[in-house]
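Colleague: sequence and predicted structure below; questions after.
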Amino acid sequence: MRVALLGFGLIAGSIARALRDDRGPWAIAAWSPSGAGPRLAKSEAIIDEASGSPAEAVGGADLVVLAAPPLACLALIAELDGGSLAGALAADAVVTDVSSTKEAIGRRADAAGLRFVGGHPMAGREVTGYGAATAELFASRPWVVVPGAHARSDDVKRVEALVAACRARPVQMSAAEHDAAVAAISHLPLVVAAALVEAVAGAGAGSDREDWPVAAGLAASGWRGVTRLARGDEEMGAGIIATNGPAIARRVRDLRDALDAWLVELDRAGGPDSAAVAARLADARRRLEAVE
C-alpha cells in the first residue's frame, strides 16, 4: 500500500517509523514545505520517497495522510477539491488526517466528496519535528477514527490497517463526540495554560507584571508542568482553537463556574474552611485515580 504523508513532523515521522518497523507492504512517500525531514528520513531508509511536491507524493497513493496543523489541513483539502492536487488523487484513494479536531475538517472533506476517514492518534511529546519521531509513539494508545459521509467500510479498514501497523487501538466515534471530549481534556488545558501565564506574567508585549521576575525566579516543576501546553507550537494551538471554538467555550464556562465556587471559599469570612478545601482536593484526586 502506498501511503502519502503530507506534512512530516513528529506525528508523520512516527507513523513512518512505525510502518517501517511493521515490515508490511508499505511504500511511503512524504512531503513537507521545507523538505528537510523527508530528505533525512529517505537517507535513513525510513521512507521510500522524499517528494518534491504534494502532488508528487499524492500521485498513485492508496492512502493520503494529512499531517499538518488543522488550518493547513483545510487548505490541503481545498487543493484536493479541484485545486492543484485534484488531478493527482487516485479515484479510489482514501484520505485521512491526524488533526486534533474533527468536525470542521470532516465537513470540508465531505463537501469535497472525498473518501475521507478522519483520524486522531491520542499521543504526542513535548518536542516536535521529525527528529523527535519514534516508532513507539502510538503503541497501545487510542487512535480515534471518524468515518466521513462518503467513506465505505473498506476505506475505514484501510485506515485501521495503518492504525494497527502503528500498534495503536482504533476507536470509532463521531466527530462531535471527539471534539467535545478533546475540548475537555486537551484544548481547555491549552487555553488554561496560556491564561495562567497571562494572569501571572502579563498579557501582551511590554505588559509584564511587576512581581513576575520574582515569581519566575522561584518557579519550579509545578509551574513548568501546569504551563507545559503554553510552550507548544502556536500555529498548531491557534488552528486547534479556531476549529473547535464552541466546544472549548463550553468547557471554559464550566471552568469559570468552578473558579467562581473557589472564589466563594477563598473569600469566606474568617478565611477558607480547611476541611472543605481538603474535601474538594480529595474529590479531585479520587476522580483522577478512578480512570488511571
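Modeller: Happy to help now that I have it. These numbers were taken from a predicted model, which means no experiment stands behind them. Numbering: from 1, shown residues only.
Colleague: what about the longest helix in the protein?
Modeller: Counting by DSSP state H, the longest helix found in the chain is helix 245-266.
Colleague: report all helices and strands that that helix contacts.
Modeller: For helix 245-266, the packing partners by 3 or more C-beta pairs under 8 Å, 6 or more residues apart in numbering; DSSP states H and E come out as helix 175-182, helix 188-201, helix 274-289. Any C-beta I mention is one placed from the backbone N, CA and C, and that applies to glycine too.
Colleague: do that again at 7 Å, thanks
Modeller: Applying 3 or more C-beta pairs under 7 Å, 6 or more residues apart in numbering; DSSP states H and E, one finds that helix 245-266 contacts helix 188-201.
Colleague: list the buried ones in the helix it packs on?
Modeller: Residues 188-194, 197, 201 are the ones in helix 188-201 that count as buried (16 or more other C-beta atoms under 10 Å).
Colleague: got it, and stretch 77-86?
Modeller: 77, 79-81, 85.
Colleague: got it, and stretch 17-24?
Modeller: Going by neighbour count (16+ other C-beta under 10 Å), the buried part of stretch 17-24 is 17-20, 22.
Colleague: same thing with stretch 266-273?
Modeller: So for stretch 266-273, nothing qualifies as buried (16+ other C-beta under 10 Å).
Colleague: gap between the two ends of it?
Modeller: In stretch 266-273, first residue to last residue: 8 Å (C-alpha to C-alpha, to the nearest Å).
Colleague: pull the distance from it to the chain's centre.
Modeller: Distance of stretch 266-273 from the chain centroid (C-alpha atoms, centre = their mean, to the nearest Å) equals 40 Å.
Colleague: do stretch 228-246 as well
Modeller: Offset of stretch 228-246 from its chain centre (C-alpha atoms, centre = their mean): 9 Å.
Colleague: ok, stretch 39-47 next?
Modeller: With C-alpha atoms, centre = their mean, you get 24 Å for stretch 39-47.
Colleague: stretch 70-80 too?
Modeller: Between the centre of stretch 70-80 and the centre of its chain there are 15 Å (C-alpha atoms, centre = their mean).
Colleague: that older thread, neighbouring contacts of the longest helix of the chain?
Modeller: Around helix 245-266, the neighbours that count as contacts under C-beta atoms under 7 Å, 6 or more residues apart in numbering are 179-180, 183-184, 187-188, 191-192, 241, 272-273, 276-277.
Colleague: let's go with 10 Å and repeat that
Modeller: The contact list for helix 245-266 (C-beta atoms under 10 Å, 6 or more residues apart in numbering) reads 101, 103-104, 176, 178-192, 195, 240-241, 244, 271-273, 276-277, 280.
Colleague: so Cys166 versus Gly106, what's the distance?
Modeller: 21 Å (C-beta to C-beta, to the nearest Å).
Colleague: which of these two has more neighbours?
Modeller: Gly106 (27 against 24; other C-beta atoms under 10 Å).
Colleague: go ahead and confirm the more buried one touches Val144.
Modeller: No: checked against C-beta atoms under 10 Å, the pair Gly106 and Val144 is beyond contact range at 11.6 Å.
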